[in-house]
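Trainee: requesting a structural model of the entry that follows:
(chains A and B)
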Amino acid sequence: MNVAIIKYNAGNIYSVDYALKRLGIDPIITADKEILQKADKVIFPGQGEATKTMQYLKAHRLDELITGLKQPVLGICIGMQLMCKHSEEGNVDCLGIFDAPVLKFHAEKQEDKIPHIGWNTITNLKSGLYENLSKEEFVYFIHSYYVPLNEYTIAETNYIQNFSASLHKNNFYATQFHPEKSGAVGEQILRNFLKL
Amino acid sequence: MLAKRIIPCLDVKDGATVKGINFVNFRDAGDPVELGKLYSEQGADELVYLDITASHEGRKTFLDLVRRVAANISIPFTVGGGINELKDVDALLNAGADKVSINSAAIRRPELIEEIAKNFGSQVCVVAIDANFMSSEADTPAQWLCYLNGGRIPTAKNLFSWAKEAENRGAGEILFTSMKHDGVKTGYANETLRTLSLSLGIPIIASGGAGAKEHFRDVFIEGKADAALAASVFHFGEIGIKELKQYLKEEGVIVRVI
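Mentor: Residues are numbered from 1 along each chain as shown, chains lettered A, B, ... in the order given. A predicted model of the protein is given here:
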């Protein structure tokens, strides 16, 4: 199977590469449009800042490439946020695949620490991405911005309020958490994605 | 619900794991990758690898180790030790580390925190603080003062004001080690941790003092810590991570039990 990881100016791209290798897949990390278009699966991972990463995607015309992909695509963390319509981080317009905003967490009580860092549960799991998992699983999050619940939500997490831990529309899938850093549960989610 | 995190810390010198008892004596505790993998399988939530090698060759060995950890372990890990500038951070993140922990370099040049936050995001920037409760000069009341170089050089910086400054400059987490409690195994600095946690809006990782399961319960409930770090109790098998998590769950602490 040909799996391509989109190479751009975000951090933590190599963690996904390592995670796939542990599953016996040797992905290609590339910004080459033809390779990305022909891949069986595309992963759009990373950690980073919305304005800088959007600027980079536009400058390299990866924005139109990503929105035009037809095979299963998985956005992770900043990848998921960039697939939404607009981000409060730097007040920037994003790819608009999911018609949903990206908002900044605001603490409601003293215990609400931001960033939201650590293992939290995902519930209300829908779609093939969450096959062979329990009703409630712990996965690893690290972020300061979130996507509210919306019509594309396929997994929810509670931190300060309920928000979208995962989204799905047509061939586009996304997770706010890091499956590549979520132990055995994360491995199962990546395996499920590869089977889509 | 967000779980409280249990974080084993592995001190690494020339590719092997060591643990400082009160920062001075060391006892060997095995291969860093194998040990990290074992902890991950037992339910550790994150790992911290601290490079205590000084030599240039040692730093290269550590980068190779970071790559091996990233390739073999499927939970997040933080690396620290000897990080002085942005290019050190870049190299470690590129090798596969999820977060970096900076300590002395941040006290010497606090702008480093802003540089890391701006270039890689606050979430990768852990500011580690070693502090002890003492007087800076004779006849002055004791207070929590920060130390440089693994607890060897005292400074006049107050723990609480430095932690707040680090937060304002863009730190994503504070890792506070109480030198007074470290290696003594009588529990964490809960009162101080609580004050720190209530004064900051970012997560706190508690370090120094773990000797029994009850100490972990207390640091989460009384100390209001978001994560608890420990080394020797795990390395020498005094507390198993699995049984610790089970115990914490029974005590009403939210933890990830696998």
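Trainee: and the gap between residue A:152 and residue A:126?
Mentor: 10 Å (C-beta to C-beta, to the nearest Å). Quick note: C-beta positions are derived from backbone N, CA and C, even for glycine.
Trainee: alongside chain B, which residues does chain A contribute?
Mentor: By C-beta under 8 Å from any C-beta of the partner chain, the residues of chain A that approach chain B are A:11-12, A:14-15, A:18-19, A:21-22, A:47-49, A:107, A:110-111, A:113-121, A:138, A:140, A:142-144, A:158-159, A:178, A:180-184, A:186-187.
Trainee: check contacts around residue 127.
Mentor: Reading this off chain A. Each residue near residue A:127 by C-beta atoms under 8 Å, 6 or more residues apart in numbering or on different chains is listed here: A:154, A:168, A:173.
Trainee: actually it's chain B I care about, not the one you picked
Mentor: B:101, B:102, B:103, B:106, B:113, B:163, B:166, B:171, B:173, B:174, B:175.
Trainee: if we go to 7 Å?
Mentor: Residue B:127 sits next to B:102, B:106, B:113, B:166, B:171, B:174 when contact means C-beta atoms under 7 Å, 6 or more residues apart in numbering or on different chains.
Trainee: close to chain A: what parts of the stretch 101-250 of chain B are there?
Mentor: B:120, B:121, B:122, B:123, B:124, B:172, B:173, B:198, B:201, B:202, B:203, B:226 (C-beta under 7 Å from any C-beta of the partner chain).
Trainee: closest one of the residues you listed to residue B:248?
Mentor: Ranked by distance to residue B:248 (C-beta to C-beta), those are led by residue B:226 at 13.7 Å.
Trainee: hmm, back to that, restricted to strands, list the contacts of residue B:127.
Mentor: B:102, B:174 (DSSP state E).
Trainee: turn the contacts of residue B:127 into TSV, including neighbour count, pLDDT and distance to residue B:232.
Mentor: Output for the contacts of residue B:127, formatted as TSV (neighbours: other C-beta atoms under 10 Å in any protein chain shown; pLDDT from 0 to 100; distance: C-beta to C-beta, whole Å):
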residue	neighbour count	pLDDT	distance to residue B:232
B:102	25	96	24
B:106	26	97	26
B:113	23	98	29
B:166	25	98	27
B:171	27	98	27
B:174	25	98	22
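Trainee: related to what we said a few turns ago, of all the residues of the stretch 101-250 of chain B next to chain A, which two lie farthest apart?
Mentor: Longest span within those, C-beta to C-beta: B:120 and B:198, 28.1 Å.
Trainee: can you show me the strands along chain A?
Mentor: In chain A, the segments counted as strands under DSSP E are A:3-6, A:28-30, A:41-44, A:73-76, A:84-87, A:92-93, A:98-104, A:116-122, A:137-143, A:145-146, A:153-159, A:161-169, A:172-175.
Trainee: so which bits of the first one are buried?
Mentor: This means strand A:3-6. Within strand A:3-6, the residues scored as buried using 16 or more other C-beta atoms under 10 Å in any protein chain shown are A:3, A:4, A:5, A:6.
Trainee: ok, the first one - contacts?
Mentor: Contact analysis of residue A:3 by C-beta under 7 Å, 6+ apart lists A:20, A:25, A:27, A:39, A:40, A:41, A:43.
Trainee: hmm, which of the residues you listed are the buried ones?
Mentor: A:20, A:25, A:27, A:39, A:41, A:43.
Trainee: give the contact list for the third one.
Mentor: Contacts for residue A:27 were tallied using C-beta under 7 Å, 6+ apart; they are A:3, A:4, A:5, A:17, A:20.
Trainee: bridging residues for the first one?
Mentor: Going back to what we said before, that points to residue A:3. Residue A:3 forms beta bridges with residue A:41, as assigned by DSSP bridges.
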